[in-house]
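K.L.:
structure, please.
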Amino acid sequence: NKKSEPETEPEILDKIDLGNNILADINDDSLENPKEDTSIPLQISQKLESFKNKRSLEDTTIPSPLKNKSPKKQKTKSTSTATSSNTTTKPKLTPLEQQFIQLKTANKDKILAIRVGYKYKFFGNDAKIASKLLNIMLIPGKMTIDDSLEEDKGFDKFAYCSIPDNRLHIHMKNLLNNGLKIGVVEQLETTAIKSNSENKNKLFQRDLTKVYSIGTYIDDLDYNSATNKRNYGEYIMAINETKSIDFDKKIITDTNDYNSTINNSKIDCKISIAAINLFSGEVYYDEFFDDLTRNELDTRLYHLKPTEILILNSEKISKQTENCINYYKLNNFKKNPNSLRVLKLGKVDSFTNYLNLIKTYLNLNSQGLIKILKNFNPCLQFCCFELIIYLNDFKLSSIFENVKYQKFNELNKDSFLIDSRTLKNLEILNNSTNGEVKGSLLWLLDHTSTKFGGRLFKNWLTNPLKNVKEIENRQNSIEFLIDNYN
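P.N.:
The predicted model follows:
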């Protein structure tokens, strides 16, 4: 007689689940004809009929929102799962990282230092190299811009490291001393100007503004005659070799030539060189014949001390010339062989094609330079052309219009030219232990105060006078300076 309270929704759902479980345990044929199946008790059959009727009743009484609640949740969940799956497979890079990809694609041969506020950042493989050489922390991430490494697939951002902007040039010297080519990317907009423009919410515009290598980086602030890291001016040298089968040995007729002591039968090749010093604005050029020992080439390498060497027609370079360059590298850069940059270039082009190319780099008033180059032999012309093209990447190609051209053999007509073997055996420029300046005769005698004086003294030391009158005049000049200006 007690009036039952209406069932709640959870209770109704529990009963539905219970009915489903009972129905699952009973054969379908038995449900169609329960009276014919004696194995099913009548009480169970009545309960089944009761649950069937109650299910049909509950389907009409349950509100529609309750019926559609579960499918909606499931659909939303699957959509979010699909979205997260797409996000994992195709990570979205930041606008700065997208900008880095564009800059790196156009400058694959450089380590890029990108200004971001008051810091310079290195990304990807550039960051890996910089962090190792500068001993700074590397934030893990992708290394390549094209995901060519299998490890990159586990990251959605680029690896990076950063340095303060006021320490850029200090860190840059360490990178350059390891033979790297550094590109500096600056912001082309300031915060004040950008805040008042229409693009104030967009990324800063950035572009490559400066490029440095060890031979093109000029800094006179770190001069210290007491240190071993003294810089007497780095040369960038281009070398072009012609084998003996390509020329007639009878052309050697000048008895005043420096290497005329070489017998014609021992001549192996003809070598053309052109070297430029960006510190002093001097270009030295020379063409000479050499034997298998490459003593003539070795002598010029030791006197000019190039820190960057461009090898023309590198596919045809002889083993002797290549060994000479490697030997020079091992003896003069023992502490860090990577300090010497050796770039192997392809086949040389024609004079006309070279001329048309460099006219786009030089000013219209460069007829004087073109006239000088036309007086050179073709092999020497190609050396000068390749230097101009190389320096154009550093925006320094115009320097060839305002430099002094001098032949190496005419460096000092009144002096001896000490060959490379003597320079090495007497340790005049470098000690024989680790190849550094410290411990050499140059290090012991050089007490000059400027790089200009240091270069002049080095020239005097490696090209001693042979005329007695000239020696006395130099001694009198030094004595006058000591007595009056010391």
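
K.L.:
so where is the stretch 151-300 of the chain shaky, pLDDT-wise?
P.N.:
219-233, 244-265 (pLDDT under 70).

K.L.:
any idea where the helices of it begin and end?
P.N.:
Counting by DSSP state H, counting those that start in this stretch, the stretch 151-300 of the chain has these helices, from start to end: 168-176, 191-195, 295-304.

K.L.:
can you redo those as a markdown table with mean neighbour count and distance to L441?
P.N.:
C-beta here means a position set from N, CA and C on the backbone, and glycine is covered the same way. As requested, the helices of the stretch 151-300 of the chain are exported to a markdown table (neighbours: other Cβ atoms under 10 Å; distance: least, Cβ to Cβ, whole Å):
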| stretch | mean neighbour count | distance to L441 |
| --- | --- | --- |
| helix 168-176 | 17 | 26 |
| helix 191-195 | 11 | 55 |
| helix 295-304 | 22 | 14 |
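
K.L.:
any chance of the ones you listed in JSON lines, plus distance to G154?
P.N.:
Output for the helices of the stretch 151-300 of the chain, formatted as JSON lines (distance: least, Cβ to Cβ, whole Å):
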{"stretch": "helix 168-176", "distance to G154": "28"}
{"stretch": "helix 191-195", "distance to G154": "35"}
{"stretch": "helix 295-304", "distance to G154": "47"}
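
K.L.:
which one of the ones you listed lies nearest to L93?
P.N.:
With respect to L93, and counting by Cβ to Cβ, the nearest of the helices of the stretch 151-300 of the chain is helix 191-195 at 21.7 Å.

K.L.:
just give me how far that closest one sits from the chain centre.
P.N.:
31 Å (Cα atoms, centre = their mean, to the nearest Å).

K.L.:
for it, C-alpha coordinates in CSV please.
P.N.:
The C-alpha trace of helix 191-195 is given here as CSV (Å, rounded to 0.1, in the frame of the first residue of the first chain):
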residue,chain,number,x,y,z
THR,A,191,61.1,49.2,-31.4
ALA,A,192,60.3,52.9,-31.3
ILE,A,193,59.6,53.2,-35.0
LYS,A,194,57.8,49.9,-35.2
SER,A,195,55.4,50.8,-32.3
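
K.L.:
so what touches that helix?
P.N.:
For helix 191-195, contacts defined as Cβ atoms under 8 Å, 6 or more residues apart in numbering pick out K200, F204.

K.L.:
repeat that with 6 Å
P.N.:
K200 (Cβ atoms under 6 Å, 6 or more residues apart in numbering).

K.L.:
how about stretch 387-397?
P.N.:
V211, T216, A238, A274, I276, I358, Y361, F400.

K.L.:
go through those residues and name the one nearest R115.
P.N.:
V211 (14.8 Å).

K.L.:
can you give me the first-to-last residue distance of stretch 100-113?
P.N.:
End-to-end distance for stretch 100-113, by Cα to Cα, to the nearest Å: 10 Å.

K.L.:
buried residues in that stretch, which are they?
P.N.:
Taking 16 or more other Cβ atoms under 10 Å as the neighbour-count basis, stretch 100-113 is seen to contain the buried residues F100, L103, K104, N107, K110, I111, L112, A113.
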